[in-house]
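Asker: Curious how this folds, go ahead:
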Amino acid sequence: MINVQHRMPHQPSGSEMEVLTTLGEQVGCVLVLARMPPTAVESANHVELVLSSGPIRPR
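Answerer: As a prediction, this is how the structure comes out:
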């Protein structure tokens, strides 16, 4: 778990949001790979896996 709370109101900067978005995308990729059977992971084209998951849409 990553806690990104602040004691005082805080508007994250663009670079902070980029880091959090990248981290979230990486975690998402790991979860997709973890759910796949090992044989599928070995034979998968990892670039296609990442691209097929699509972008993460902000709420």
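Asker: In the chain, spot the helix with the most residues.
Answerer: helix 14-35 (DSSP state H).
Asker: So for the next helix or strand after that helix, mean pLDDT?
Answerer: Remark: after helix 14-35, the chain's next helix or strand is helix 38-43, criterion DSSP states H and E. Across helix 38-43, pLDDT averages out at 77.
Asker: Output helix 38-43 as PDB, nothing but the C-alphas.
Answerer: Output in PDB follows, covering the C-alpha atoms of helix 38-43 (Å, rounded to 0.1, in the frame of the first residue of the first chain):
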ATOM      1  CA  PRO A  38       3.000 -19.400 -16.600                       C
ATOM      2  CA  THR A  39       3.000 -20.900 -20.100                       C
ATOM      3  CA  ALA A  40       1.000 -17.900 -21.400                       C
ATOM      4  CA  VAL A  41       3.500 -15.400 -19.800                       C
ATOM      5  CA  GLU A  42       6.500 -17.200 -21.300                       C
ATOM      6  CA  SER A  43       5.000 -17.100 -24.900                       C
END
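Asker: just use 547 as the starting number from now, easier for me
Answerer: Yes, from this point I'll number from 547; that puts the last item at helix 584-589.
Asker: Other residues contacting it?
Answerer: residue 579 (CB atoms under 8 Å, 6 or more residues apart in numbering). Glycine gets a C-beta too; all of them are placed from N, C-alpha and C.
Asker: do stretch 554-565 as well
Answerer: Residues contacting stretch 554-565 (CB under 8 Å, 6+ apart): 550, 566.
Asker: end-to-end on it?
Answerer: Stretch 554-565 has an end-to-end distance of 21 Å (CA to CA, to the nearest Å).
Asker: for the record, mean pLDDT for it?
Answerer: What stretch 554-565 shows for mean pLDDT is 88.
Asker: What is the burial count for residue 550?
Answerer: Other residues lying near residue 550 total 10 when counted by other CB atoms under 10 Å.
Asker: Who are the contact partners of it?
Answerer: 558, 566.
Asker: What is the three-state secondary structure of it?
Answerer: coil (DSSP: H, G, I helix; E, B strand; the rest coil).
Asker: Please report how far it lies from residue 569.
Answerer: Residue 550 sits 10 Å away from residue 569, going by CB to CB, to the nearest Å.
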